[in-house]
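Peer 1: Got a sequence here, can you model it:
(one chain, ligands or ions: 1)
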Amino acid sequence: MQAAEGEDVAVQLHRGVEDVRRSVAAAPRRLPIRCMGCTRLLKKSAYAVVIAAPAGPIIANGVVLAFCTRCAVTTSQVRARAVVALKKLWPNAQRTAPN
Ligand SMILES: [Zn+2]
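Peer 2: This next block holds a predicted model:
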């Protein structure tokens, strides 16, 4: 049962990342995808993806964020940028992930 749940989560994570990858790759020049940290245009070949969701066994109502290579140099930078971006989306959210 736990393995099946783990597979479900893995599939959901993969779909989230794949959705972002496709969106960035297919973004028209007139409507490019922008970094959630600084609003620079994302390079189609280099960006970081963060998946955030309310705590729980299923990743429902989550969001997938993309950050440019300037905002995503280190893991701690990505986390900090993600927290700032998520506070804009979910002002009352509290971080539960480990540091
Ligand atoms: Zn950025």
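Peer 1: Buried residues of the helix or strand encompassing R15, list them for me.
Peer 2: Per DSSP states H and E: R15 is located in helix 2-26. Using 16 or more other Cβ atoms under 10 Å as the test for burial, helix 2-26 gives 12-13, 16, 20, 24. All C-beta atoms are positioned from the backbone trio N, CA, C, and that covers glycine.
Peer 1: what about L86, distance to R79?
Peer 2: 10 Å (Cβ to Cβ, to the nearest Å).
Peer 1: need the next SSE after the worst-scoring helix or strand of the chain on mean pLDDT, C-terminal direction.
Peer 2: The helix or strand of the chain with the poorest confidence is helix 2-26; it has a mean of 82 (mean pLDDT, DSSP states H and E). The first helix or strand that comes after helix 2-26 along the chain, using DSSP H and E, is strand 48-52.
Peer 1: who's in contact with that next one?
Peer 2: Strand 48-52 has contacts (Cβ atoms under 8 Å, 6 or more residues apart in numbering) with 13, 16-17, 20-21, 59, 62-67, 69, 71-72, 78, 82, 86.
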